[in-house]
Structures are given as C-alpha cells and as structure tokens.
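*Asks:* 3D model of this:
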Amino acid sequence: MPALYLFNRRTLLAGDDLQFPSIAWGAGFAAELFIFLPYLLFYTIELSLTTAASEQNDDYFAELDKQIQRMQTEACDNATTTYTDKTFCYLILAYLTGMAIFCATSLFQEQRIFKLSSLGTPTRGLDLRAPLGKLIERKMTLMTGIGFVLLMFGLVSTLHFIGLYVYCFPKFWWVIIFVLFVIQGLQCLFNFTTLFALWRAVPSISSAIDSEVNFYERHAEHIHQHDDIEMAEELWRNRCDGCCRIMAISTCFMFGGKNIVSQSTDGGIEKFFGDISRALADYFHGSGSECLDIVPSDVALGFVILRHIQAQRKLLARRDALQQANTSQTQSSPGTALLFRRTLETNNDSVGNHRDKFDVPMISNSGETYRTFSRSLLTPSNPDDYATLEEGARFAKHQLAAYTWILYFYEYPLTGSLRLFGRCLKAKFACKNAGMIQWRDSYERCAMNSVVETAESATRDIDEMNREHIVGDNFLHIHEATMLAHAGLNKSDIAYASFESGFYETPYFIVIDREWKSIVISIRGSLTLEDCVVDVLLDPSPLDALGEKYGFDGIGQYCHGGVLECTNWLHTDLKRHKILDKLLLGANAEHSDYTLRIVGHSLGAGIGVILSLMLRNTFPDLRCTCYSPPGGFITWRLAKECSDFVNSFVLDSDLVPRLSINNMERLRDEVLHLLARVKLSKYDIAKRIFSLSGEVEFGDLDFLLQENEDMLYPQDDIPDSEFLRQLQRFEIKQQERRSRRGFSRSIDLYPPGRIVHLVKTGQSKNCLHGVAGCISCGSSNAGCEYTPIRKENDDFNEIEISPTLWTDHFPNRVCIEIERVAKRFGIEV
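*Replies:* Next comes the predicted model:
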C-alpha cells in the first residue's frame, strides 16, 4: 500500500508489489540476453564472415565448403552466391545488436524497479517508492515502443529472406529466433493491453503524486469512493448481480443461474442481493478521510501473518496452561482436552443473545485474549460418544448422496462417466420380470383388480410411478443413479426424491433405512448460484410466529432468513405429497415403528434443524444430524435447546460453521491492525514465510515467536503513519454504521445442537502425503489425523486462517474423515 497510480489512474497494485513481477520480467530479459542472442549471433556472424571471405577468394565455393560444413547444401550455395552483398546477415545482426542493447537496458530497469519496490514497509517509507510511477510509465511507453519497433524490424526481415536462407542455418536457429519473436510479442501485447485498460479507467482528479499524503488524498477522490452509503449499496448490488450472471452464462447454467438471469429486475436485485450489498457496503466502504488505500496484496499479506499469529496464540496458551497445571499440580481429567479460543467482552443486555455485539477495539485487539478451556474427548468406552459417532458415520453418505452427479464426477474424475453410464443403462433396461415383481410387491391391489394384463403395461406403470416419486430427474435418471451410488442404496429404498432446484426449492430425498429402522430425509446443501443467493440473505428472521404455529418456544429467537424461506418451501412440499404420513402416521402406515431422521450438509443442515423444530411435535422421537452447519444460523437459546435431538459435525478449520457477520468484521479488523504493525517489506516477509516448513500449528513456539517479532512492531509501540490515522477514522465510522443498522446487526447467531469437532491433532510424515500437500498448495488432508472433541456452540467465534478452511467443508471430505474416526472406534461403516 498505497495503490500505485499510473498515468493518473489507480491500479490494483501497490508500489511494494513489484518485486516478483520485476524478477519475472528480469528473468525473461536475462534469458534473451544470455541464452537466445549469443546462439543467434554466433551463426549469423559465422555466415557473415564466410560471405566476406568469399569475395576475396578466387576459389569461392572451396572456402564456403570449409566454413559451413554443417549446413552445406546446394540451396545455401545458391543463396550465398546470389546475395554476396550480405543484406540478410547485416539486417539480422542489426536486429540482434539492437535486442542486446534493449535487453540490457530493460534488465537494468527491472533491477531498479526491484530495488525501489523493496524499500520501506507497507505503511512507511512511501516517499522512497515515489519514483516507481514514473519509472514504470517510461517502461510501458518508451521501452514498449522500442521493443515493438525491433520486433517488427526483425520479423519482417526474417520473413522476407527466409525462403532463400532457410538452409543456411541449422533448424534449431530458426526455432530459437521465432521463439524470441513470440516472447517479444507477448511482452508487447501485455504492455499494450495494460495501457489500454489504463486508458479506459477513469483518471483521478488530483495530479500530485510525490507526497505520502497525496496518495491518500488521490484515493479519497477516486470515483469508486462514494460519500453516500446508498450509492455504495447500489454498486455492490450491481456487482453481485453481474458476477452471478457471468458465472451462470459462462458455465452454460451447469450450476444454475437461470432464475437469476430471468428474474433480476430492479425489484429482484434488491430482494436477492439487498442483504449482502448492505453488509459489503458496511464492510468495505470508506469515503473521504475514512477511506483506506489498500490493495489485494495487502489483504493477502494480512491473512498470511494472521495465520502465524493465531498459531502463536494457541501455542502460547497451551504452554501457559501446562505450566499452570504443573505448578498447581492439577491435571485435566481423563477424556478431556485443553483447548484455546478467543474470549470477548460480554454484555448481558442483548435480547435473545448469548453475547452482545462486538465492539471494535481501537487499533489493538486488547479486549480479546486466548483463554484455556477444557472440552470432552469422545471415547469408544462412552456409550453416548460411541452412539453419536456411529450415527454420524452411518448417515454421512446420505448427505453426500444429495449432491448427485456433480460431486460424483468430482470424486471420480476419470471413471465417473463409465460408472454412471453403466448404472444408468442397467436401470434403464432392467429385466421386465424384476419390474413385474417390484410392481406386484408395491401395488398388490392393481394385480388383484387385474388392471395390468401384460408385462409391457406393468413396466409402463412402474415408469409412471417412478416419475411420480422422483421429480426433476432427466431421462437417463443420472441424479437417481448417482444418489444410489453415493449412499449404497437400492432403488426400492427410495420413497421420494426431488431434484428440482430454485431460489427456495431445495433438492432432497426420502429413503427407507431398514437396518436402522429409520425414514431418512436428506437435504442438499449449497451447490447452485440460486443457493448462493439464499446463503447471502443475511438478515435474521424472527421465529415467534413459527414457534407458536408448530409448538416450540420461538419467542425472541431468530434464524438465518434464507434458511427459513427454504424450510417453509420444503415443509409445504412434504405436506403436499404426504409421504411422511403414508410411511409413519396412522394405522395403515407402512413403517409406523420407524424413526424419522433428518440429515443435511451446510445449507441443508440449517434447513434440517428448522424442519426438525416444525415436525417434532408430530414425530417426538425425531433425530437430526448436521454436517458442517452454518455458523450465523440461530440464536443461542434455540441452538442449545435443540441439542437433545440435533448432533452437528464440524471438520477442523471449516469456514462455514464460523461464518458470520461478526466474525468477518473481527477478521477484517485484525488484518488491518496487523498491517499497521508490519515493519518489513512484503518481499522480506514472503521469504520468511516460504522458508518455514510444515504446519505452523505444530511448529516450534520459540522460533515462531522470534519470526513474528521480526515481522511486527509490538502492539503498544506502533509507529505513527498515515495509514494508522486512516484506520482510526475508518473504525469510528464503522461503529457508527453498525449502530445505524439497528437491532438486527446486534443479533448473534450460532451453529446448532451438540457439536462434535474433528480437530487435526497430527500429520503423518510420508513422502506421498508431502507431494499431495505440495500439489494442492497445502489444501490436501492426506495423512492428517483427527480427534473428535465435543465443543460448545460459541467456540467457533473466530475464523481460522488455514489452507484447508474451504476444502474442510467439502461433503466428501467430511464423510471420509468421519468414517475414518469411526473405524478407529471399532464402528463398522
């Protein structure tokens, strides 16, 4: 930071972001100067000297044969005889000489850019980097122009003489010179594209570029900074709508989006994106003196440092706890784990909340500490723990099956097509006799009344029944086939399945689990763009009326607004088809002694909890199993009260159970605070970070303390800077906006039920695991060992920065790890 201005236009790069680009450009120019050009010059000079000697030698062809033995052909003899004036050689020599001078100058220029970009820190020493703007402008105009002229000169000369001299040089010489042309052309194309993008951008009002203050003044005047918060909200609404449209069209609606494209009228945009646009406007918006001039690389730097700070806090808290335990001679009881979490100041005046809203601290998070707390480990000897994990492992495949073919292809990218095709053909051309047996078993009254007289008509009736009970599938029954493949079910186990998806229409299916004597409703999580729109309906909805209608205490309680809308649709669909009534209720129910179970992942988990609250009076023994439930979901009292029938499973650093507006604001504030404390350049910090090996959470505490101390100023000794002053004004403005949003923003929401957290407690040292981690940039969980620990609903009050924070949410990974832990408990899966 701050942003780099070129030709009086703001870019997304800062002056201290240019070390790696300058290294890349410098490597390209160095390769041209020290590898390509010497090779090309050698053969060109050799041919030039050969033709020069031949003019003074009576035996021309004898001399030529001695000099060019490797390329001696009749065509080359004719070429050199015809062009004894050496025009081509001189032209190529002029081009290569010009390229050598150009590359040497460019290499020196990149070295200067690297040196200037390395000066100072992100917040200090900005005046030292001030010459960068002029230097890059000169590079993109004068040097690009010279490079383009050289490219055209060399390319035209080569194409003009290539027919006559093609045999006078080795084939590799021609390959090298055309590779050089391509590299030079790509460099010119990149610079021309950048210049065109800058030309299209709106120029800044201020033209001053030399002082630190003017960087911020110019950014404050930038057109994207609105004085009116309503204009910022409109801007974010349009951005969200545009992104969804582009993603829908570019993926050919494979992940939904048709409803967004067709229904995004003015009113529709406000309905779909109103909540998220207000949240984003508050989260990022700054105007005038409250504006923060940061670029994406600053945010990335803050995340990287924050990961190390979080690891340091945990290791420090663990060490202090162990020291205190040794001093007091009080050890934690068997079956418990010492864990550490951020502790916030509390306020008991919040209505319907466990904790009141978070007050943003000024400049340092001094009001927050990491404190030790004990949580129970799940053990095989405890019947309740065993049953909880057994239930989680049993129905993990059901939540996976709800994602049908898209996740199936993700799991089996090479063999998925063949597997599915075989299943679909088998289902499509099943034996007619088997069809008759299934039809007779399920619909005996039809046979008794002699309605069906032939096997063909029976098969047609079976297909009609399947169409009634399976909604939204295609003619190959791909969704049905993958659902059965995921969960290991038989077709006869399916009672109903709906694969239709919309804004509130959530795919789900109902199956009969005869081994566990359960009717299972499995609800899919977020997969389509419409689901993402539902996810960002952030404003909490009251549950007073719903509780009164369905017999639970919802007074003063709230839940995620999008989840509630989806639950209402699903409950209406269940009532319309009366599947549960036929299976469980009444004297003629097919499985009246079975238990109703509701399972779901992510968004589906939230829907499952609210649906459980609505159905529990009708089905008192109902059970609900949630996998990776949303964090900003339900208020404290209901989150705890539903623990009697709701079990939730969270995998390690999963982002979604921690995702809430409050946690996101804490994350933003801490990243900004860390940026104000940085005392090294980004390049120096990057070298330190990449030099660390292994998981920082399991690293050496003393080494980590020293590294963080070298990178950051102490909290109580942060040097003054313009960014620090801007940050203070920004935080004051954020508090004002938060209070202006009213009561809804002060409501804290939590994940539901009794939570089992699979915590990563180790990683095996294996070569293959290391390769997998390297290929996946650390997002692989190969070789990781997880320990199941019971957690409280408010333990997830901090977003953990980890390479796996998103992949830990994948339903297939959640399923695999739960089953692995269950096997260690001796549970058959």
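*Asks:* what's near enough to touch the residue nearest to the spatial centre of the chain?
*Replies:* Note on the chain: the residue nearest the mean C-alpha position is residue 806, at 5.9 Å, using Cα atoms, centre = their mean. Going by Cβ atoms under 8 Å, 6 or more residues apart in numbering, residue 806 touches 655, 779. All C-beta atoms are positioned from the backbone trio N, CA, C, and that covers glycine.
*Asks:* okay, helices next: where are they in the stretch 451-600 of the chain?
*Replies:* 455-469, 478-487, 529-535, 544-550, 561-577, 579-584 (DSSP state H, counting those that start in this stretch).
*Asks:* which of those helices sits closest to residue 793?
*Replies:* Minimum separation from residue 793 across the helices of the stretch 451-600 of the chain (Cβ to Cβ) falls at helix 561-577, 16.0 Å.
*Asks:* now the closest one: buried residues?
*Replies:* 561-568, 570-571, 573-574, 577 (16 or more other Cβ atoms under 10 Å).
*Asks:* check stretch 793-809 too.
*Replies:* 793-805, 807-809.
*Asks:* could you do stretch 385-396 as well?
*Replies:* Neighbour count says stretch 385-396 has 385, 386, 388, 389, 390, 391, 392, 393, 394, 395, 396 buried, by 16+ other Cβ under 10 Å.
*Asks:* which ones are touching residue 596?
*Replies:* Residue 596 touches 518, 519, 521, 580, 584, 615, 619, 621, 622, 623, counting by Cβ under 8 Å, 6+ apart.
*Asks:* those residues in strands, which ones?
*Replies:* Here DSSP state E is the test, and these give 518, 519, 521, 623 as lying in strands.
*Asks:* could you single out the nearest of those to residue 272?
*Replies:* Among the ones in strands among the contacts of residue 596, residue 521 lies closest to residue 272 (Cβ to Cβ), at 26.9 Å.
*Asks:* outside of the helix or strand harbouring residue 706, which residues touch it?
*Replies:* Assigned by DSSP states H and E, residue 706 belongs to helix 701-711. Identification of contacts with helix 701-711 by Cβ under 8 Å, 6+ apart yields 305, 308-309, 311-312, 315-316, 319, 678-680, 685, 688, 692, 696.
*Asks:* ok, 7 Å please
*Replies:* 305, 308-309, 311-312, 315-316, 319, 678-680, 685, 688, 696 (Cβ atoms under 7 Å, 6 or more residues apart in numbering).
*Asks:* same question for stretch 628-640.
*Replies:* Outside stretch 628-640, the residues that reach it (Cβ under 7 Å, 6+ apart) are 352-354, 557-560, 563, 601-603, 605-606, 609, 648, 650-651, 654, 656-661, 663, 747-752, 793, 796, 809, 814.
*Asks:* in strands, which of those fall?
*Replies:* Reading strands off the contacts of stretch 628-640 with DSSP E, I get 558, 559, 560, 601, 648, 650, 651.
*Asks:* highest neighbour count among these?
*Replies:* Among the ones in strands among the contacts of stretch 628-640, residue 601 has the most neighbours (other Cβ atoms under 10 Å), with 31 neighbours.
*Asks:* beta partners for that one?
*Replies:* Residue 601 has these beta-bridge partners by DSSP bridges: residue 627.
*Asks:* correct me if wrong: it contacts residue 398.
*Replies:* No. Between residue 601 and residue 398 there is no contact under Cβ atoms under 7 Å: 9.4 Å.
*Asks:* mind checking pLDDT for the closest residue to residue 521 other than its chain neighbours?
*Replies:* Leaving out its chain neighbours, the residue that sits closest to residue 521 by Cβ to Cβ, 6 or more residues apart in numbering is residue 598, at 4.7 Å. At residue 598, the model reports a pLDDT of 96.
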